[in-house]
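A.B. asks: what follows is a predicted protein model with its sequence.
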Amino acid sequence: MRFTLLDRVVAIEPGKSITAIKNVSLAEEYLADHFPRFPVLPGVFMLEAMTQAAAWTIRLGEDFAHSIVVLRAARNVKYGDFVEPGKTLTVTAEVLAQDERTTKIKASGSVGDRTSLTARLVLERYNLADTRPHGAALDARVRAEMRRLWSLLYPPGRSGAPRAALYGAPVVPAGSAGQPVAVG
């Protein structure tokens, strides 16, 4: 994931749900072309931000077991409102179902109380070692990079930091009563 479209994770329940934000700044290069006199966050970037948020809840839910998490399908994508510079897109994603390789997600993006985008996503996860002879080394590098990127979105040392858990196992931070982790 070289083009990160999330600035911060606000809340996460690993393997179940996530809320993250994307602050849209006039300094972002793509706004010069999209559209010069009416700059807005491109719809495909909104969809990518939702996909990236969903991928984080999957990664954390399985303790980074798979190096690759990609969008397999985007269904019922509906755009509702523009996201202009100076606005914050809040992205939520909720796991609906999963099997060994795919996860079905219900996701939305909003600015304030106005919905900008909704979609049903299917994400696929796998390891490069499954198909490449030397994939295990690449998997390790990708996992390390994803852990590093996660530490930027959710810096270590924050109180109530989520612990990774396998799907189906409860994630209960120290001192919590099983409530989702909220981040300040």
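C.D. replies: Everything's here; your move.

A.B. asks: and the residue nearest the centre of this protein?
C.D. replies: residue 53 (1.1 Å; C-alpha atoms, centre = their mean).

A.B. asks: so it sits against residue 94, correct?
C.D. replies: No - checked against C-beta atoms under 8 Å, the pair residue 53 and residue 94 is beyond contact range at 10.3 Å. Glycine gets a C-beta too; all of them are placed from N, C-alpha and C.

A.B. asks: list residues touching both of the two?
C.D. replies: Common neighbours of residue 53 and residue 94 (criterion: C-beta atoms under 8 Å, 6 or more residues apart in numbering): residue 107.

A.B. asks: and the residue of the chain positioned farthest from its centre, its phi and psi?
C.D. replies: Here the chain reaches farthest from its C-alpha mean at residue 37, the gap being 30.0 Å by C-alpha atoms, centre = their mean. Here is the backbone geometry of residue 37 (degrees, to the nearest 10): phi -100, psi 0.

A.B. asks: from the contact counts, what lies against the host helix or strand of the residue nearest to the centre of the chain?
C.D. replies: Assigned by DSSP states H and E, residue 53 belongs to helix 43-61. When contacts are defined as 3 or more C-beta pairs under 8 Å, 6 or more residues apart in numbering; DSSP states H and E, helix 43-61 sits against strand 8-13, strand 17-23, strand 68-79, strand 88-98, strand 102-111, strand 114-126, helix 135-153.

A.B. asks: quick one, the third one and helix 43-61 angle?
C.D. replies: Strand 68-79 and helix 43-61 meet at an angle of 140 degrees, taking axes from the mean of the first three to the mean of the last three C-alpha atoms, to 10 degrees as the criterion.

A.B. asks: flag the shaky bits of the protein, pLDDT-wise.
C.D. replies: 1-2, 157-184 (pLDDT under 70).

A.B. asks: okay, now residue 107: neighbour count?
C.D. replies: 23 (other C-beta atoms under 10 Å).
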